[in-house]
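K.L.:
Sharing a model that was predicted from the sequence below.
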Amino acid sequence: MKILFMGTPDFSVPVLEALIEAGHEIVLAVTQPDKPIGRSKKPTPPPVKVCAEKHGIPVFQPERVRRPEAMERLAKVQADLGVVVAFGQILPQALLDLPAHGCFNVHASLLPMYRGASPINHVILAGEKQSGVTIMQMDAGIDTGDILLQEALPLADNETAETLADKLSKLGAKLIVSAIEQLENGTLTHTPQEGETCYAGMLKKEMGLIDWTLSAEEICRRVRGLQPWPGSWTFREGKKLIIKEAAAEKQEVPPNLIPGAVLEADRKGLLIQTGEGALRILSLQPEGKKEMDWKAFLNGSHVKEGERWG
């Protein structure tokens, strides 16, 4: 089948590779423009571009895919099917109608729950016990199209947005190949979305600042759910501390200490009071330094019990 592929980040790459391995012809890989990254601001190609060029697939990087000149380029490839995976732009209905069979989307949630741009992060922030992948027939709405295939995946207790993204991208790769097989043999079914829904909006940098008045469990979910961006951080003596790994403890804490106060800073560990329970810091990254475990941090930082972070 002639496929128009649209995707940008690492999450999209396993899906593209699975389509290639399954023998489909990728007539064009559409992705976002190269972006300056790091201190050098050197233009860096998105992962989908790197993968496509490795396989000799033509690449198209429009600033706005809905512009007339971009639409003209996409129409010329005469694709049988469009496959969209975390592309990064809202697609107009006119584009969705270009391929003969429309466009399938690989969405990283169990629709209709967690529609929107950041389902992987929000499912962890909400404390869900499972997530999954939905293959959806795209329409002009935001993740509102018919469900074609869907499979659930349990979340590990220590699941982070990074580990979950890796699992879901592989699951999505398997499901999209299956969906196309069913499309080709005429067994693919369309199921309209019904029931409870919620929206997983774009992440904002300010979400990463830790509010120590929250419960230890909620802070722990934020540490896991906001990786790798924006991350979760606090301040100590005016310097930023990014919390990389932590665990919630439901222990009684002294009533005279306020949230953000250090409860333990010794060979037993590094423990911070929260609004409910305490947060045990397992690894962190001080400003201007590399990530380290709590022991290495305490060895060089002279943290005192009772001092307040935040």
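P.N.:
Thanks, I have it.
K.L.:
ok, which stretches of the chain are helices?
P.N.:
Here the chain has its helices, by DSSP state H, at 13-21, 47-54, 68-76, 93-96, 119-125, 161-185, 216-225, 294-301.
K.L.:
Let me have those in CSV, extended by distance to Pro154, mean neighbour count and mean pLDDT.
P.N.:
No exception for glycine: its C-beta is placed from N, CA and C like everyone else's. Output for those, formatted as CSV (distance: least, Cβ to Cβ, whole Å; neighbours: other Cβ atoms under 10 Å; pLDDT from 0 to 100):
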stretch, distance to Pro154, mean neighbour count, mean pLDDT
helix 13-21, 20, 19, 98
helix 47-54, 27, 19, 98
helix 68-76, 38, 13, 97
helix 93-96, 32, 16, 97
helix 119-125, 12, 24, 98
helix 161-185, 10, 19, 98
helix 216-225, 15, 23, 98
helix 294-301, 29, 15, 95
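K.L.:
Okay, now the unreliable bits of this protein?
P.N.:
Along the chain, segments meeting pLDDT under 70 span 253.
K.L.:
what domains does the record give for it?
P.N.:
Taking automatic domain parsing as the criterion, the chain consists of the domains 2-185, 205-301.
K.L.:
thinking again about what came up before, now render the helices of the chain as JSON lines, adding distance to Lys205.
P.N.:
Conversion of the helices of the chain to JSON lines gives the following (distance: least, Cβ to Cβ, whole Å):
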{"stretch": "helix 13-21", "distance to Lys205": "26"}
{"stretch": "helix 47-54", "distance to Lys205": "22"}
{"stretch": "helix 68-76", "distance to Lys205": "30"}
{"stretch": "helix 93-96", "distance to Lys205": "30"}
{"stretch": "helix 119-125", "distance to Lys205": "13"}
{"stretch": "helix 161-185", "distance to Lys205": "15"}
{"stretch": "helix 216-225", "distance to Lys205": "13"}
{"stretch": "helix 294-301", "distance to Lys205": "24"}
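K.L.:
of all the ones you listed, which lies closest to Met136?
P.N.:
Among the helices of the chain, helix 161-185 comes nearest to Met136, with 9.6 Å by Cβ to Cβ.
K.L.:
Contacts for that closest one, please.
P.N.:
1, 10-15, 17-19, 22, 24, 81, 83, 85, 101, 104, 106, 108, 120-121, 123-124, 131-133, 135, 148-151, 153, 155-156, 188, 224-228 (Cβ atoms under 8 Å, 6 or more residues apart in numbering).
K.L.:
try it again with 6 Å
P.N.:
11, 14-15, 18, 22, 106, 108, 120-121, 124, 133, 135, 148-149, 188, 225, 227 (Cβ atoms under 6 Å, 6 or more residues apart in numbering).
K.L.:
still on that earlier bit, out of the domains of the chain, flag the one nearest Pro192.
P.N.:
domain 2-185 (5.6 Å).
K.L.:
tell me how far that closest one is from the chain's mean position?
P.N.:
Mean-position distance between domain 2-185 and its chain equals 12 Å (Cα atoms, centre = their mean, to the nearest Å).
K.L.:
Span of it from start to end?
P.N.:
16 Å (Cα to Cα, to the nearest Å).
K.L.:
Show me what the strand ranked longest in the chain is packed against.
P.N.:
Ranked by number of residues, the top strand in the chain under DSSP state E is strand 239-249. Contact here means 3 or more Cβ pairs under 6 Å, 6 or more residues apart in numbering; DSSP states H and E; on that basis strand 239-249 packs against helix 216-225, strand 233-236, strand 278-286.
K.L.:
Between strand 239-249 and the first one, find me the angle.
P.N.:
Going back to what we said before, that points to helix 216-225. Here helix 216-225 runs at an angle of 120 degrees relative to strand 239-249 (axes from the mean of the first three to the mean of the last three Cα atoms, to 10 degrees).
K.L.:
can you list contacts of helix 216-225?
P.N.:
121, 124-125, 127, 160-161, 210, 232, 243, 246, 248, 274, 277-279.
K.L.:
again, only this time at 7 Å
P.N.:
121, 124-125, 127, 159-161, 210, 232, 243, 246-249, 274, 276-279 (Cβ atoms under 7 Å, 6 or more residues apart in numbering).
K.L.:
so what's the backbone phi/psi at His302?
P.N.:
phi 50, psi 50 (degrees, to the nearest 10).
K.L.:
Next, count neighbours for the closest residue to His190 other than its chain neighbours.
P.N.:
The shortest distance from His190 to any non-neighbouring residue, by Cβ to Cβ, 6 or more residues apart in numbering, is to Asp146 (4.0 Å). Neighbours of Asp146 under the rule other Cβ atoms under 10 Å: 15.
K.L.:
Ok, Thr197 next?
P.N.:
Thr197 has 13 nearby residues by other Cβ under 10 Å.
K.L.:
No more questions from me, cheers.
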